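Enquirer: starting from these lines, generate the structure:
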Amino acid sequence: MSRLIYDYTKSVLERVSFDSKLFRKELEKAIKVLLPYEVEQLTEWLLNFTKEKPELRQCLLSINK
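Expert: Below is the predicted model of the structure:
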């Protein structure tokens with residue numbers, strides 16, 4: 001079940017990546033729901049996903065809170 005939430009989170013983040021505010025909001029919601037190891041996996045995925053999207057890079061700071 002947990003893996004489904006992780007995969008769903010990634011798909012939501014991909015769909016809202018056009019808007020950095022919405023992206024940050026969804027990312028913050030995901031961090032509250034995901035397990036610690038899933039947050040680590042999501043962080044790695046986000047680093048790769050945001051390579052060519054510098055406007056989203058600042059949202060990664062939300063993970064470290």
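
Enquirer: list the contacts of residue 39.
Expert: With contact taken as CB atoms under 8 Å, 6 or more residues apart in numbering, residue 39 is in contact with 31, 63. To be clear about C-beta, it is placed using only N, CA and C from the backbone, and glycine gets the same treatment.

Enquirer: skipping its backbone neighbours, what lies nearest residue 55 in space?
Expert: Nearest non-adjacent residue to residue 55, counting by CB to CB, 6 or more residues apart in numbering: residue 20, 5.0 Å away.

Enquirer: how many other residues sit next to that neighbour?
Expert: 16 (other CB atoms under 10 Å).

Enquirer: show me the contacts for it.
Expert: So residue 20 contacts 55-56, 58-59 (CB under 8 Å, 6+ apart).

Enquirer: pull the CA atoms of whichever strand or helix holds residue 44 into PDB?
Expert: Using DSSP states H and E, the element containing residue 44 is helix 36-49. What follows is helix 36-49, C-alpha atoms only, in PDB (Å, rounded to 0.1, in the frame of the first residue of the first chain):
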ATOM      1  CA  PRO A  36      11.100   8.300   6.300                       C
ATOM      2  CA  TYR A  37      12.700   6.000   3.700                       C
ATOM      3  CA  GLU A  38      10.200   7.100   1.100                       C
ATOM      4  CA  VAL A  39      11.000  10.700   1.700                       C
ATOM      5  CA  GLU A  40      14.700   9.800   1.100                       C
ATOM      6  CA  GLN A  41      13.700   8.100  -2.200                       C
ATOM      7  CA  LEU A  42      11.500  11.100  -3.100                       C
ATOM      8  CA  THR A  43      14.400  13.400  -2.500                       C
ATOM      9  CA  GLU A  44      16.600  11.500  -4.900                       C
ATOM     10  CA  TRP A  45      13.900  11.400  -7.500                       C
ATOM     11  CA  LEU A  46      13.300  15.200  -7.000                       C
ATOM     12  CA  LEU A  47      17.000  16.000  -7.500                       C
ATOM     13  CA  ASN A  48      16.900  14.300 -10.800                       C
ATOM     14  CA  PHE A  49      13.400  15.600 -11.800                       C
END
